[in-house]
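> Show me how the following folds:
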Amino acid sequence: MKSKKLLVIFLVVLCAFCTACSDDTLKDGYYTAEMKEYNFGWKEYVTIIVKNGEIVSAEYNAKNISGFVKSWDNAYMKNMNSVSGTYPNEYTRLYAAQLKENKSGDSIDMISGATESGVNFRELSKAVIEQAQKGDSSIVFVSLK
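Numbering: from 1, shown residues only. Predicted coordinates for the structure are as follows:
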């Protein structure tokens, strides 16, 4: 009888230990990943807020050296939209919404005309999710391979 109790206790502790080791849940907090380098004057970033293990907010954008945000640049928007059929204020919101819903940048649908940004977004998303799984709120810098 005692051996059965000890076995059950051992199994419960073992399961708890294994679950803790393979924990891929998101820790509550604010997390940011940004590109290491500027590309054509812009540095892209992804910021998420996690509450109760869920992404409640996701922002994807780019900033220039002075901190001005790309999706606020109306001249850039008009030029890009006429050439590509999309613009930063549109695709950044769509990519961020997919991250919030899927908890992964791997499963996003690429938007025609914003493919390079989509590739960067995937890498930034992976990095920011890893930070959230670790509970590490320091900014992580990403370089493309």
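> Helix, strand or coil: sort out the spatially closest residue to residue 29 that is not a sequence neighbour for me.
Leaving aside its sequence neighbours, residue 29 sits nearest to residue 137 (Cβ to Cβ, 6 or more residues apart in numbering; 5.1 Å). Backbone N, C-alpha and C define where each C-beta goes, glycine included. At residue 137 the chain is in coil, as set by DSSP: H, G, I helix; E, B strand; the rest coil.
> now swap in residue 47 and tell me
strand.
> Show me where the protein has its strands.
Assigned by DSSP state E, the strands in the chain fall at 29-35, 43-51, 54-63, 140-142.
> Just send these back as JSON lines, with distance to residue 127, mean neighbour count and mean pLDDT too.
Shown next, in JSON lines, are these (distance: least, Cβ to Cβ, whole Å; neighbours: other Cβ atoms under 10 Å; pLDDT from 0 to 100):
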{"stretch": "strand 29-35", "distance to residue 127": "4", "mean neighbour count": "19", "mean pLDDT": "97"}
{"stretch": "strand 43-51", "distance to residue 127": "8", "mean neighbour count": "21", "mean pLDDT": "97"}
{"stretch": "strand 54-63", "distance to residue 127": "12", "mean neighbour count": "18", "mean pLDDT": "96"}
{"stretch": "strand 140-142", "distance to residue 127": "5", "mean neighbour count": "18", "mean pLDDT": "97"}
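> Turn those strands into CSV, including distance to residue 116.
Below are those laid out as CSV (distance: least, Cβ to Cβ, whole Å):
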stretch, distance to residue 116
strand 29-35, 11
strand 43-51, 10
strand 54-63, 11
strand 140-142, 14
